Each structure stands twice: as C-alpha cells, then as structure tokens.
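Trainee: Sequence and predicted model, in that order:
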Amino acid sequence: MGFSRLETALVGVTAILGITLIIVVAVWASEGGDSDGGVSLSSSGERTAHCMLIKDPLNGPDNLTGTVMFTQSSAETDLSITVDISGLDTTSTTHGFHVHQLGKLSPDCRSCGGHYNPKSVNHAGPTDDVRHVGDFGNLEQTSSGNISKTFTDPVASLYGEYSIIGRAIVLHAGADDLGQGGNAGSLASGNAGPRLACCVIGWATST
Ligand SMILES: [Cu+2]
Ligand SMILES: [Zn+2]
C-alpha cells in the first residue's frame, strides 16, 4: 500500500521545513561575534555610529544643530570622531564634550546622567591614563559659532563591554577643566557648566 497524495505532500513539506531549520541554525551559528546592545554583530570589520544633536530646551541656543559621526575599523584601533556643529552663540568659545552614561534626552539633557564611567574613576582629560571612558575634553568654536573637528580617542569604543552605543553625547556651555580644578566638581565632571545639546549614539551601518 503506497502513500496517498496527501501523505506524500506532508512528507515533502516536513522535509523542506527540516532543511530550512538546519540552514537557519547554520547561518546563525556562523555569524558568531558579540552581541553589543542586543544586536548580533560581527566581531571584526569597521563599525560606524551617528548622533544628531538636539538643543537642550533650557540652555541650548535656538539655532544649534549638529552631528557627531564615529568610525572604528576594529576593536584594536582608535575611535575616530567627527563633529560638525553650528549655531552656537559666541559668549564662550571652549566647550566640554563628553559621552554621558544614559541615552535619555527627555525632558532635557540633564537626563543623560553623569559621564560614562564604568570603572568608577575620577574625571580627567582625554590624554590622561586614568579617565572616564567619556572624557573627550574640549572643543573650540569659531567666531561664527561653528565647530568642525575630527579627532581620535584611544579609550571610547564601538566594540566590547564598554561600547558607547546607546549612551549620550553632551556638549557643554563652558570649558572642561580636565580634572585640574582642585575641587569635587572637577573630579566628577570638569565643571563644564550647563548642557547646550545632547544626542543618543546609535549604529550608522549594519555590522
Ligand atoms: Cu559632559
Ligand atoms: Zn569625565
């Protein structure tokens, strides 16, 4: 007694589902890599990220706009950061610029919390050996209220346990004293004053 047409069809469908499952599992296993931010990511290859600044509702100049781009070719290479900001007022020319702990922008940039500091050390400058992951130091604005700068940082990263993805960039009204101010505020955040703008760092390309 042979299979009926229905039984033959069911066997065929079951076989196709089984093969599909094997292929899906094999592809999933071959992707490997880490899983920063809940996204499956290759552990090698260039990563890029992006942050579009929004002005702080309390302290940001009305016309402030800006972007921050991040590029890193591997976990072992320095992070490259490109900042383009316009619309700053010209009362203060030096602005503290950091990665803060939380990707929360509402109701204003104070919601981003303190500097991203996973190792609980003192605040310092970008070239200091012991510093917050987020200590990028200062940016200088031009007389027309713009900042356009590319720099590299050896500590902040788009890879691994202390990735800055999902955390915030904050631009301050005043200068960061880089931990040299001789008071508690200096060792916590560099006394850089009110927050002019902030944004959440997100992936810019699939990785
Ligand atoms: Cu800051
Ligand atoms: Zn800091």
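Mentor: On my side now, so go ahead. Numbering: from 1, shown residues only. Ligands and ions are numbered 1, 2, ... in the order given.

Trainee: is any part of stretch 99-116 close to ligand 2?
Mentor: Yes. Using Cβ under 5 Å from the ion, a contact is recorded between stretch 99-116 and ligand 2, made by residue 115. Where C-beta positions appear, they are placed from N, C-alpha and C, glycine not excepted.

Trainee: Start and end of that stretch, how far apart?
Mentor: End-to-end span of stretch 99-116 (Cα to Cα, to the nearest Å): 6 Å.

Trainee: Now tell me what touches it from outside.
Mentor: Outside of stretch 99-116, the residues within contact range by Cβ atoms under 8 Å, 6 or more residues apart in numbering are 54, 56-60, 98, 117, 123, 132-136, 156, 162, 164, 166-170, 188-189, 195-201.

Trainee: Those residues of the protein touching ligand 1, which are they?
Mentor: Near ligand 1, when you scan the chain using Cβ under 5 Å from the ion, you find 98, 170.

Trainee: Derive a PyMOL selection command for the buried subset of the contacts of stretch 99-116.
Mentor: Buried residues within those, by 16 or more other Cβ atoms under 10 Å, are selected in PyMOL with:
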select buried, resi 54+56+59+60+98+117+123+132+133+134+135+136+156+164+167+168+169+170+189+195+196+197+198+199+200+201
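
Trainee: Now go through the contacts of stretch 99-116 and say which are in strands.
Mentor: 54, 98, 135-136, 168-170, 195-200 (DSSP state E).

Trainee: Let me have the residues you listed in a markdown table, extended by pLDDT and distance to residue 151.
Mentor: Putting the ones in strands among the contacts of stretch 99-116 into a markdown table (pLDDT from 0 to 100; distance: Cβ to Cβ, whole Å) gives the following:
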| residue | pLDDT | distance to residue 151 |
| --- | --- | --- |
| 54 | 98 | 22 |
| 98 | 98 | 13 |
| 135 | 98 | 13 |
| 136 | 98 | 8 |
| 168 | 98 | 19 |
| 169 | 98 | 13 |
| 170 | 98 | 17 |
| 195 | 98 | 21 |
| 196 | 98 | 19 |
| 197 | 98 | 18 |
| 198 | 98 | 19 |
| 199 | 98 | 18 |
| 200 | 98 | 21 |
